[in-house]
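> whatever this is, show me its structure:
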Amino acid sequence: MLDRRKFLHASLWSSAAALLVPRNGWAARANGKPQKPLVISTWAPNVKANAAAWTVLSSGGRAVDAVEQGVQVPEADPKDQSVGYGGLPDRDGKVTLDACIMDEHGNCGAVMFLEEIMHPIKVARLVMEKTPHVQLAGEGALQFALANGFKRENLLTPESEKAWHEWLRTAHYDPMTIPKLLEKQNVPGQQNNHDTIGMLALDAAGNLSGACTTSGMAYKMRGRVGDSPIIGAGLYVDNEIGAATSTGVGEEVVRICGSHTVVELMRQGLSPEEACRQTVMRIVKKRGAAAKDLQVGFIAVNNRGTIGGYALQKGFTYAVQTTAGSKVYESKSVY
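Residues are numbered from 1 along each chain as shown. You can find the predicted model right below:
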């Protein structure tokens with residue numbers, strides 16, 4: 001969790017090092033032609049999420065259905081402290097969730113500051129399909145979910161509650177030091193080596209969609225919302241060009257409308273990797289020396305099936321599933 005701050009290299013994934021592909025641009029192609037379908041998501045552990053999305057894509061399903069299905073895997077995983085059930089709480093001990101989804105037609109929906117609902121991505125899709133709005137927040141988002149058949153559930157696991165109580169001993173809030181604190185706590189079985197899941201898919205029909213979901217920054221101020229549920233910041237899809245999503249310190253992504261920026265740079269002819277790199281460099285330009293203490297990563301795919309990623313710090317990985325199989329890539333980085 002919280003590797004938006006340091007993008008920790010957990011020993012859990014050292015055994016998977018053989019899966020890592022050299023950090024360069026990559027196109028999902030077969031016999032010189034774009035290979036469809038494909039799914040790409042932030043972080044190596046999300047190969048499991050990709051597998052769930054692939055069950056939809058491999059049977060000819062829509063990209064939007066695939067990403068919705070895929071991100072529900074970490075949302076329901078109690079060992080994942082960065083997304084959904086098991087997510088680390090805010091400073092008041094409450095687990096609050098953010099999510100958004102966007103399809104090939106530009107339709108989009110989002111929920112933010114949502115409590116007690118296992119799958120915020122499903123609620124976000126209902127916002128997209130059943131309301132005239134794009135975003136619902138807080139109590140209103142909860143009321144909407146309950147009215148549509150969702151049930152209240154306690155999302156704070158014993159492990160995450162224990163971590164919160166440990167944090168309360170000092171209650172020091174610094175997003176860049178929280179990962180170190182989590183390492184010291186050494187909570188058994190917890191996956192603290194990744195962050196928000198952002199997922200992008202290109203289906204067999206050549207259509208793009210994306211989804212992003214998170215429990216946000218641990219021990220955040222009550223009501224804090226990052227980039228993940230904000231269309232144009234944490235996620236953006238333009239079916240004529242490509243799609244992008246982000247992970248990391250959400251405030252930095254919001255400041256530059258990060259995912260939208262990536263897509264617009266692809267519109268100008270840049271490759272997905274170069275578009276991600278130039279977007280990351282905007283953060284460097286704005287933040288100066290302070291950028292060395294931040295982490296943000298982007299992944300992108302264009303409508304030809306070329307993928308790419310880039311980050312501020314080393315350690316950012318992304319997972320890809322195609323008909324050729326599943327692979328994990330380590331992105332290039334500024335530092």
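
> check which residues of the longest helix seen in the chain are buried.
The longest helix of the chain (DSSP state H) is helix 272-287. If you call a residue buried by 16 or more other CB atoms under 10 Å, then helix 272-287 has these buried ones: P272, E273, E274, A275, C276, R277, T279, V280, R282, I283, V284, R287. No exception for glycine: its C-beta is placed from N, CA and C like everyone else's.

> can you list the residues you listed in JSON lines and add distance to V123 and pLDDT?
Shown next, in JSON lines, are these (distance: CB to CB, whole Å; pLDDT from 0 to 100):
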{"residue": "P272", "distance to V123": "29", "pLDDT": "98"}
{"residue": "E273", "distance to V123": "33", "pLDDT": "98"}
{"residue": "E274", "distance to V123": "35", "pLDDT": "98"}
{"residue": "A275", "distance to V123": "30", "pLDDT": "98"}
{"residue": "C276", "distance to V123": "29", "pLDDT": "98"}
{"residue": "R277", "distance to V123": "34", "pLDDT": "98"}
{"residue": "T279", "distance to V123": "29", "pLDDT": "98"}
{"residue": "V280", "distance to V123": "31", "pLDDT": "98"}
{"residue": "R282", "distance to V123": "32", "pLDDT": "98"}
{"residue": "I283", "distance to V123": "30", "pLDDT": "97"}
{"residue": "V284", "distance to V123": "35", "pLDDT": "97"}
{"residue": "R287", "distance to V123": "33", "pLDDT": "95"}
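
> list just the nearest of these to H133.
Lowest distance from H133 to those (CB to CB) belongs to T279, with 27.6 Å.

> residue contacts, the closest one?
I256, G258, T261, V262, L265, F298, Y310 (CB atoms under 8 Å, 6 or more residues apart in numbering).

> state the pair within the buried residues of helix 272-287 that is farthest apart.
Most distant of those, by CB to CB, are P272 and R287, 23.2 Å apart.

> strands of the stretch 201-335 of the chain, start to end?
Listed in chain order, the strands of the stretch 201-335 of the chain (DSSP state E, counting those that start in this stretch) span 208-214, 235-238, 242-248, 296-302, 306-311, 317-322, 325-330, 332-333.

> and the helices in the stretch 101-250 of the chain, which stretches?
Applying DSSP state H, counting those that start in this stretch to the stretch 101-250 of the chain gives helices spanning 120-130, 138-147, 158-168, 178-185, 250-255.

> among the ones you listed, which comes closest to A218?
Comparing the helices of the stretch 101-250 of the chain under CB to CB, the one sitting nearest is helix 178-185, at 5.5 Å.

> pLDDT averaged over that closest one - what is it?
Averaged over helix 178-185, pLDDT sits at 46.

> likewise for stretch 143-161?
98.

> same check on stretch 85-95?
96.

> so for that stretch, what gets flagged as buried?
Those would be Y85, G86, G87, L88, P89, D90, R91, V95, for stretch 85-95 by 16+ other CB under 10 Å.

> what sits up against it?
1-2, 75-82, 96-97, 115, 118, 153, 155-157, 159-161, 163-164, 171, 173, 214-216, 218-222, 224.

> I'd like the helices of the stretch 101-250 of the chain as TSV, with distance to K332 and mean neighbour count appended.
As requested, the helices of the stretch 101-250 of the chain are arranged in TSV below (distance: least, CB to CB, whole Å; neighbours: other CB atoms under 10 Å):
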stretch	distance to K332	mean neighbour count
helix 120-130	29	23
helix 138-147	37	17
helix 158-168	32	16
helix 178-185	22	17
helix 250-255	18	22
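
> switch those helices over to TSV; also include distance to G242.
Output for those, formatted as TSV (distance: least, CB to CB, whole Å):
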stretch	distance to G242
helix 120-130	20
helix 138-147	29
helix 158-168	35
helix 178-185	31
helix 250-255	17
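
> burial measure for A171, as a count.
8 (other CB atoms under 10 Å).

> which ones are touching it?
By CB under 8 Å, 6+ apart, the neighbours of A171 are R91, Y219.

> now with 7 Å?
Each residue near A171 by CB atoms under 7 Å, 6 or more residues apart in numbering is listed here: R91.

> pLDDT at it, what is it?
At A171, pLDDT is 81.

> do you know how far it is from V71?
31 Å (CB to CB, to the nearest Å).
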